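Engineer: No sequence on hand, only this structure:
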C-alpha cells in the first residue's frame, strides 16, 4: 500500500507501508545539489549536509548521534547533483523518536563556528581523497567535458577554496532559499501506518515550514562536448567517454537501460567480454547511464595501462560501432531485460532503497512511483523498443571524453 499527501505549505509526503517488517526507513529529500549552485557556491549543498549533524538549539553534535544510538537507529545523508537526502532507519517502535531527531537537525541546525572550522578540514580532506581516487576523478572530469563548468558539470564536493570560504550566513541564506516546503519530500518505507506518518509530518515539519518562501532556480545547462584530461603520476590511465542519453522520466528509459546492460552493464556485456576477456586491456570496464530532469548521459569507463590507451579506446569505439551496426541478439535482449527487472525487484526488498526511490519520484514528478506498473512495462518491452533507442544513440558529434593519469594530451575523438 502506498499513500501520498501534499500539505497546504507545499510539503509532500509519500508512505510505502510494507507489512511483515519490524523496521522503518524515513528520509527528508530536498531538491537541491551541485547543479543548482553558482560558481562561488559550488560545494555548499554538500557542506550543509555535513554541517546538519553538528548541533541544534536542542542538541550538540554528540547528542544527535547519541540520541540515535540510544534507540538503535542508523542515520546518514548524501548529496548528489540534484538531491540532498537525510535519512534514518530504526525499529518500528522507535519511529517517532527517530523522526523527531531527524527533523531537529534538518530544520534547526545552528552551525557553530568551531564546528564549521573543523568540518571544513574534513571536507577538504574528502576533496583530496577524490584527487587520490583516479576513477572518481576521471568521471568528474568527464562530467565537466560533457556538461561544461556549470549545472551538472559542477562537482558535488566543490573546490577546496570555496569550502574554506563558506560562512554561517552563506549556509543560512542557501537553506532559506532551497529548503522550502515546495522543494521537500518526506518519504517513509516499512512498517508504518500512513496516518501515523502524516501526524509526524504535520507535527515536526508542516507546522514549522509554513511560511518559508521558495525561490526556484534555473539550472545553467549546456552540452559542451570535447575532451579533457588531468595528468597524474599513477600506474593506470583512466579513460571515459560520454554520449547523450534520455531524461529520467522519458518513457523509453527502460529500453535505454536494457541497451546499457547489453553494452557494459555486467560480466556478459559486450565491453566486458571484448575489452577485458578477449583483449586483456583492462581489469575494470563498464558503462552506465546518469539521467536527470533535462536529459542524461551514457558513460563508458575503463582503467588501462598507459601503453594501451589507444588500443583500449579503439576497442571501446569498435564495440559500440559493432553494436550500432549489427544491433543485438534476441538472447542478449532477453538477458538484459531480466537483469533490469531483477534490479528493480531486488531494490524493493530494501526499505532504504524504497524510501529513496519513492521519495525521488515524488520530488521530481509529484506522483507516486508505480513499481508494479514498471515491472509490467519491462515484461512487455519488445526487442524493437530497445533497437529504436539504440538507433538514436552514440552520436559521435555530441560525445565527450576524459582521461586521468600519465598522459600528456586529451584523447582524440574527432
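Structural biologist: Good, I have the coordinates. Worth saying up front: this structure is predicted, and the values here are computed from it rather than measured.
Engineer: Select the helix or strand of the chain having the lowest average pLDDT value.
Structural biologist: Across the helices and strands of the chain, mean confidence by mean pLDDT, DSSP states H and E is lowest for helix 207-209: a mean of 90.
Engineer: Give me the helices and strands touching the helix or strand following that one, please.
Structural biologist: Downstream of helix 207-209, the next assigned helix or strand under DSSP states H and E is strand 226-231. The helices and strands touching strand 226-231, judged by 3 or more C-beta pairs under 8 Å, 6 or more residues apart in numbering; DSSP states H and E, are helix 134-147, strand 400-405. To be clear about C-beta, it is placed using only N, CA and C from the backbone, and glycine gets the same treatment.
Engineer: what sits up against the least confident helix or strand of the chain?
Structural biologist: Contact with helix 207-209 is made by 9, 11, 103, 107, 180-181, 184, as judged by C-beta atoms under 8 Å, 6 or more residues apart in numbering.
Engineer: and which of those residues is nearest to residue 216?
Structural biologist: residue 180 (9.4 Å; C-beta to C-beta).
Engineer: Next, the contact list for the closest one, please.
Structural biologist: Residue 180 touches 10, 209, 212-215, counting by C-beta under 8 Å, 6+ apart.
Engineer: If any of these are buried, put those into a ChimeraX selection.
Structural biologist: Applying 16 or more other C-beta atoms under 10 Å to those leaves a buried subset, and the ChimeraX line that selects it is:
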select :10,209,212,214
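Engineer: can you list the domain ranges for this protein.
Structural biologist: What automatic domain parsing lists as the domains of the chain is 2-209, 226-405.
Engineer: Can you check the distance spanned by the first one, start to finish?
Structural biologist: Distances were taken as C-alpha to C-alpha, to the nearest Å; on that basis the terminal residues of domain 2-209 are 24 Å apart.
Engineer: how far is it from where the chain is centred?
Structural biologist: Distance, stretch centre to chain centre, for domain 2-209: 13 Å (C-alpha atoms, centre = their mean, to the nearest Å).
Engineer: cool, stretch 293-305 as well?
Structural biologist: With C-alpha atoms, centre = their mean, you get 14 Å for stretch 293-305.
Engineer: Same list, the helices and strands packed on strand 226-231, but as CSV with mean pLDDT, mean neighbour count and distance to residue 288 please.
Structural biologist: Converted to CSV, the helices and strands packed on strand 226-231 look like this (pLDDT from 0 to 100; neighbours: other C-beta atoms under 10 Å; distance: least, C-beta to C-beta, whole Å):
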stretch, mean pLDDT, mean neighbour count, distance to residue 288
helix 134-147, 96, 22, 9
strand 400-405, 97, 26, 14
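Engineer: Quick one: the ones you listed as CSV, columns for distance to residue 291 too.
Structural biologist: Below are the helices and strands packed on strand 226-231 laid out as CSV (distance: least, C-beta to C-beta, whole Å):
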stretch, distance to residue 291
helix 134-147, 13
strand 400-405, 16
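Engineer: Skipping adjacent residues, who's closest to the spatially most central residue of the chain in space?
Structural biologist: Centroid check for the chain by C-alpha atoms, centre = their mean gives residue 80 as the closest residue, at 4.7 Å. Counting by C-beta to C-beta, 6 or more residues apart in numbering, residue 80 lies nearest to residue 33, which is 5.2 Å off, once chain neighbours are set aside.
Engineer: Count residues in the vicinity of that neighbour, would you?
Structural biologist: As a burial measure, residue 33 scores 22 neighbours (other C-beta atoms under 10 Å).
Engineer: Go ahead and confirm it touches residue 155.
Structural biologist: No: using C-beta atoms under 8 Å, residue 33 is not in contact with residue 155; the gap is 10.8 Å.
Engineer: What's the mean pLDDT across stretch 378-393?
Structural biologist: Mean per-residue pLDDT for stretch 378-393: 96.
Engineer: Off-centre distance for that stretch?
Structural biologist: 25 Å.
Engineer: Now for the contacts of helix 207-209: which two are most distant?
Structural biologist: Once C-beta to C-beta is applied, those give 103 and 180 as the farthest pair, at 15.4 Å.
Engineer: Residue 89 is in what secondary structure piece?
Structural biologist: For residue 89, the host element (DSSP H and E) is strand 84-91.
Engineer: partners of that strand in the sheet?
Structural biologist: Next to strand 84-91 in the sheet, as set by DSSP bridges, lie strand 23-30 (antiparallel), strand 74-79 (antiparallel).
Engineer: So which of these is the most surrounded?
Structural biologist: strand 23-30 (a mean of 25; mean count of other C-beta atoms under 10 Å).
Engineer: Can you identify the element that follows that one toward the C-terminus?
Structural biologist: Downstream of strand 23-30, the next assigned helix or strand under DSSP H and E is helix 44-51.
Engineer: And the average pLDDT for that following helix is what?
Structural biologist: Mean predicted confidence for helix 44-51 is 98.
Engineer: wait, what's in contact with residue 14?
Structural biologist: Contacts for residue 14 (C-beta under 8 Å, 6+ apart) come out as 2-4, 185-188, 358-359, 362, 368-369.
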